[in-house]
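**Student:** all I have is the shape, not the residue letters:
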């Protein structure tokens, strides 16, 4: 089905992009190109436009594997047998689209059902990899591709050959293609192995200049109104571009590169600390392609300089370290001492000043609420002096009240940590659900059909069954009017796969002791980074906070990570620490979740300093919390992480650590947490 | 069994923005659909289903359930017939052409991928031992309106498939031994309740227009809603009949606008206004610009004009940009674009 394609010659801007594509088209030895960028930047359109310009290649007539009739080339077994008596024709190199719904047998190839039926033996039906040979394999949204399909393509791209060993077929054929992938990094990053396989990588973004945007709009509108007319206008330019590519291809093998330049390439790669040697090889090939495109017979330093960024960006190992969070302003000395005293006083006199606390807290609340601005970048600097002023005013009046005051304060979210992408190890437990963190085999009839198995479990894979039965039909033929005779041994079941999200329950201590010195800000920063990761992985999140006398479920399990983020920003802090209530509430939430999803693996992330001073029952608070904690640890399905926000100082209570012990949880200090660490912790829990 | 009449589009109270967005898409299917975000009980689904009232007729092949265009898609018609193993038309014989009304095809939430995309025709394979394509919902949706209720609750891979087809205008089936491609140019209308989770940015961007709706506050409007609904429930045919005149008038107006659209002009300064708007509020890529241009032109056509005006651009911005404004994944979708632009400009 032919459709008009927006001409490459009519694209506005995106010169680097065009150049990258041309390089990949001229020299397939580069090994493909990955295009990363925001949506709406014509990634897919450009690739299709390129395919329309590729030169024609000689092929064996009627061969589904696009075999080459040239001597010295490898061929499919059929063509190889008949060589050199081969009928040839020429046609344009093909662009094969890898659809997201492709199953493994369509990509690699499988049994040709009707022919196997007829001949009574296994006949191979070529897949997409066969069609892409000597052409272009285009994978849109490559970061969303299923792992096993990725592995298939990787294998073929690396070895130049597709080997099939499944379902009674044993076959191999050449598969050398240009791999072009596009992706939007917002949706998740690519696995590093796949990243390295792409020879070149480039970033695209929208145009910043209004003139360029207007030009783009005008052209697109003109195209939509009259496609054929539009293409006709650009026909001459398109032909010229196609000619350039063809010429460059012909010239490529004669392009020379001096030994000193090879040394230069080696230096460049070494300096950039890339892994392995693929970069060196790719850079040479890319430089030669560029030289060929420019009509030169020899590679120059400038050619290398131009292609280097395309080759190195995605391979550079010591990339800029993640932006360090802006340092928190150290508060001036006097309030620090006073707050220490206040801490200790609060521990010692929990019961007495409760009434007074409530009242003055109310007053404080109102004052603070009027003050706090919500600008992320500035607030931290401004708020600390503000709250200190208010505290100083108060303490002038009544020392005792001020000392036990925990102001209601809204804290800005600290800088978000950068989170490394998480993948959990695939397990064999059967599950239900939808999400992207862990891959699981699932039992309901949902999820993508990935392969067949001998167990049917009520989900028959008809195609695999028919394929299994096909070769035997001849023997089973009889006159009962059925076309296909199946026996029990033929039955195959579907194995479906779907990414299962996890449930992350954040239990956040929102008491006054957390308000000190940016502990809250840091905690929120840690939670924020996990939320961002959860968003990409489609995890469910929930949030419980505890302060004053009780625990609140701020957010029941939801995929709306937006709401979690918003709650985080608006969460007030202040009051005592009812840790036991928090633990009890979290247990309730998790237990309810597990009732509905018995095979889930929820993770509870408890962020506190452990200094609880409100008990649910008759016991002392700390004792009670530890008792509850050990009761909670009995359900093996729940995994807990404790993040200790107690600041290291002269006097530390280590209560959170004891809590972690009782919970049998992993324990970390928030000060030690940096970007990768927190995510690794959560990842560690999932293994 | 008589088919119960649908609640008439013109009888819906208020929600003018949503109605406008839907009507613009009827005039110009090139606007890439509408996403309707709103709390429960705000006539989202009612409005979309009610569209059937005012949809135009299109030329189709008489015996083809997949609405192929006789003017442009004859090849695909032959391909599909072959894939379905129907006899090809006699040489020299022109297949019959007729007019059929555009329909709203619904995609149920529990739809599995094979029903959406199409798959191997099981029955045929078992009976005749041959591979035959069974086209899915996407084939039926071609040149129609595909309505996806609760689009944010769809399974990821079904969403991916919709994305693919909505973007490229074709659906490719490569599964279970079948390999087949057919045109699938449909207007995607989705509804969702944001409380239940947001859409992926990729899918958000594919929707041409986006409207946020809330329950109506004015007391007399709320009373009107109740009265009309009660009247409809009591006597659907009678109620629908009362609104026939208005519905027909609206349908005609949409038809006229459709015919007028190719003649609508845009002056260059307006194009700069559009580009600047998008740069000011901050959008990813260029889809925002392109769709804003088309929407502004469609608004002009709807109004019976061949000249686009600045007011059209302003209205278009409110429909086209809310879901494209660049934001952190955890932040709200913008509500008021004008306000956003003022703030953005003030901040510089």
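**Tutor:** It's in. Everything quoted here is computed from the prediction, not taken from an experiment.
**Student:** was I right about residue A:666 contacting residue A:643?
**Tutor:** No: with contact defined as C-beta atoms under 8 Å, residue A:666 does not reach residue A:643; the gap is 9.4 Å. Bear in mind the C-beta positions are built from the backbone N, C-alpha and C, glycine included.
**Student:** among those two, which residue is more densely surrounded?
**Tutor:** For residue A:666 versus residue A:643, neighbours defined as other C-beta atoms under 10 Å in any protein chain shown are more numerous around residue A:643 (28 against 16).
**Student:** in the sheet, which residues pair with the residue lying closest to the more buried one once chain neighbours are set aside? Tell me.
**Tutor:** Nearest residue to residue A:643, sequence neighbours excluded (C-beta to C-beta, 6 or more residues apart in numbering or on different chains): residue A:607, at 4.6 Å. Per DSSP bridges, the residues bridged to residue A:607 are residue A:508, residue A:643.
**Student:** neighbours around residue A:607, how many?
**Tutor:** By the criterion of other C-beta under 10 Å, residue A:607 has 25 neighbours.
**Student:** state the pLDDT value of it.
**Tutor:** pLDDT recorded at residue A:607 is 87.
**Student:** next: residue A:497.
**Tutor:** 65.
**Student:** got the buried residues for stretch A:604-623?
**Tutor:** By 16 or more other C-beta atoms under 10 Å in any protein chain shown, the buried positions in stretch A:604-623 come out as A:604-616, A:621-622.
**Student:** let me redo that: stretch A:631-638
**Tutor:** For stretch A:631-638, by 16+ other C-beta under 10 Å, it's A:632, A:638.
**Student:** who in the stretch 151-300 of chain A is up against chain B?
**Tutor:** The stretch 151-300 of chain A comes close to chain B at residues A:184, A:186-187, A:206-208, A:210, A:213-214, A:216-218, A:220-221, A:224-225, as judged by C-beta under 8 Å from any C-beta of the partner chain.
**Student:** kindly recompute the last result at 6 Å.
**Tutor:** Taking C-beta under 6 Å from any C-beta of the partner chain as the test, the list of the stretch 151-300 of chain A residues beside chain B reads A:186, A:206, A:210, A:213, A:214, A:216, A:217, A:220, A:221.
**Student:** pLDDT added to those residues, as CSV?
**Tutor:** Below are those laid out as CSV (pLDDT from 0 to 100):
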residue, pLDDT
A:186, 68
A:206, 85
A:210, 89
A:213, 90
A:214, 91
A:216, 89
A:217, 89
A:220, 88
A:221, 87
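**Student:** what ranges does the stretch 401-550 of chain A have for its helices?
**Tutor:** Using DSSP state H, counting those that start in this stretch, the helices of the stretch 401-550 of chain A run over residues A:462-469, A:473-476, A:519-537.
**Student:** which of those sits closest to chain B?
**Tutor:** helix A:462-469 (4.1 Å; C-beta to the nearest C-beta).
**Student:** list the contacts of that closest one.
**Tutor:** Outside of helix A:462-469, the residues that reach it under the criterion C-beta atoms under 6 Å, 6 or more residues apart in numbering or on different chains are A:111, A:113, A:167, A:452, A:486, A:490, A:491, A:492, B:122, B:176, B:177.
**Student:** try stretch A:289-299
**Tutor:** A:23, A:26-27, A:248, A:251-252, A:255-257, A:261, A:287-288, A:303, A:307.
**Student:** same thing with stretch B:146-164?
**Tutor:** Residues contacting stretch B:146-164 (C-beta under 6 Å, 6+ apart): A:100-101, A:434, A:448, B:45, B:48, B:104-107, B:109, B:113, B:116-117, B:186, B:188-192, B:197, B:199, B:203, B:206.
**Student:** who are the neighbours in contact with the residue of the stretch 1-150 of chain A found nearest chain B?
**Tutor:** When distances are taken as C-beta to the nearest C-beta, the stretch 1-150 of chain A reaches nearest to chain B at residue A:40, 2.2 Å away. Listed by C-beta under 6 Å, 6+ apart, the contact set of residue A:40 reads B:284, B:285, B:286, B:287.
**Student:** just the ones of the residues you listed in helices?
**Tutor:** Among the contacts of residue A:40, the ones falling in helices (DSSP state H) are residue B:287.
**Student:** ok, which of the contacts of residue A:40 also contact chain A?
**Tutor:** When the contacts of residue A:40 are checked against chain A using C-beta under 6 Å from any C-beta, the ones in range are B:284, B:285, B:286, B:287.
**Student:** kind regards, and thank you for your time.
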